[in-house]
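K.L.:
return atomic coordinates for the entry below.
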Amino acid sequence: MAALVLTAAAIGLAALHWPVLASGIDRLTAADPGWLLLAALLTLLTWACAALAQQGAVREALPTGRLLTVQFAASAANHLLPAGLGAGAVNLRFLMRCGLAPGRAATALAVKSTAGAVVRIALMALLALACPGVLRLPSVDGPKLLVGVLAAATAAPVAVLLVRRTRLRRALACAAADVRAVHENPRRAAALWGGSLAFASLHTAVVIAVVHALDVPLPAGRIALAYLAASSAAVLLPTPGGLGSLDAALAWALTTAGAPGSASVSAVLGYRLLTVWLPLVPGLLVLAGLVRSRAL
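P.N.:
Purely as a prediction, here's the structure:
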């Protein structure tokens with residue numbers, strides 16, 4: 001319900017600011033086709049990197065062709081449900097079809113998501129050091145911080161009591177064994193972390209290529225930091241595929257980094273066109289085919 005409300009709000013904002021969007025569309029149609037072609041090629045590689053990271057999250061060898069196809073279908077499903085639930089459901093079903101128990105399949109998804117989050121945080125930290133002043137952290141109110149610390153201190157004993165329960169402890173032990181086994185295999189660990197790093201880097205590169213296509217003189221480091229910060233913040237608003245939340249956050253971040261407002265809107269439109277709207281219908285058709293063939 002919240003996702004529908006947020007999506008409706010995004011549509012309402014788009015209608016309210018239609019002149020700005022129209023200006024962004026006009027600017028995008030005059031963009032450099034060479035840079036846009038490069039952005040499209042980088043977009044294609046993101047699905048291969050997602051497949052590599054997913055393979056790295058499990059001990060067993062997964063069927064390569066089907067794994068890559070599933071990542072393409074999962075990206076389309078991700079734009080139908082909020083907070084990554086679409087992609088997670090598709091990948092979970094695929095891993096179970098490959099013989100993994102539900103618990104192990106869920107662990108593999110959690111490992112992949114965690115690796116992706118760690119990579120994003122590391123990239124943001126490095127870029128923040130390289131581009132000081134671009135990323136501004138919000139001020140923290142002292143009393144609110146104290147309340148948060150006390151809440152965490154209260155929750156810790158409860159978490160310990162829950163972990164001591166036999167069934168939960170057994171499930172956590174199995175998950176820890178899977179994580180340990182993946183990292184004891186150098187090829188799996190390299191696939192997990194290398195694929196996660198390449199996935200985040202390629203999406204960042206797509207935004208950089210689109211901004212350059214619009215002939216905006218903005219350093220690549222600033223663009224990268226703006227995208228990583230915006231995409232991380234958009235996770236807090238669970239809209240399907242980040243619809244509205246990522247768009248607004250990325251446009252604001254690019255403008256803050258120094259891009260003109262109309263160019264920021266054009267960059268967001270170009271990024272969304274390549275990563276969402278153009279692959280959406282083919283991805284849904286592939287997803288339907290996978291379901292019909294019982295691959296999912």
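K.L.:
what is the neighbour count of residue 71?
P.N.:
24 (other C-beta atoms under 10 Å). All C-beta spots, glycine's among them, are computed from the backbone N, C-alpha and C.
K.L.:
list the contacts for it?
P.N.:
47, 48, 50, 51, 54, 91 (C-beta atoms under 8 Å, 6 or more residues apart in numbering).
K.L.:
give me the pLDDT for it.
P.N.:
What the model reports for residue 71 is a pLDDT of 95.
K.L.:
so how far is residue 232 from it?
P.N.:
Residue 71 is 21 Å from residue 232, where distance means C-beta to C-beta, to the nearest Å.
K.L.:
ok so, going back, show me which pair in the contacts of residue 71 is furthest apart.
P.N.:
Greatest spacing in the contacts of residue 71, by C-beta to C-beta: 48 and 91 (15.0 Å).
K.L.:
who has more neighbours out of the two?
P.N.:
Higher neighbour count among residue 48 and residue 91: residue 91, with 26 against 17, using other C-beta under 10 Å.
K.L.:
ok, now which ones touch the more buried one?
P.N.:
54, 70, 71, 74, 105, 109.
K.L.:
CA atoms of the helix or strand harbouring it as PDB?
P.N.:
Using DSSP states H and E, residue 91 falls within helix 85-97. Output of helix 85-97 as PDB, limited to C-alpha atoms (Å, rounded to 0.1, in the frame of the first residue of the first chain):
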ATOM      1  CA  LEU A  85      11.300  -8.100  -3.600                       C
ATOM      2  CA  GLY A  86      10.700  -8.900  -7.300                       C
ATOM      3  CA  ALA A  87      14.400  -9.800  -8.000                       C
ATOM      4  CA  GLY A  88      14.700 -11.600  -4.700                       C
ATOM      5  CA  ALA A  89      11.600 -13.800  -5.400                       C
ATOM      6  CA  VAL A  90      12.900 -14.700  -8.900                       C
ATOM      7  CA  ASN A  91      16.300 -15.500  -7.700                       C
ATOM      8  CA  LEU A  92      15.000 -17.500  -4.700                       C
ATOM      9  CA  ARG A  93      12.800 -19.600  -6.900                       C
ATOM     10  CA  PHE A  94      15.700 -20.200  -9.400                       C
ATOM     11  CA  LEU A  95      18.100 -21.300  -6.600                       C
ATOM     12  CA  MET A  96      15.500 -23.700  -5.300                       C
ATOM     13  CA  ARG A  97      15.000 -25.100  -8.800                       C
END
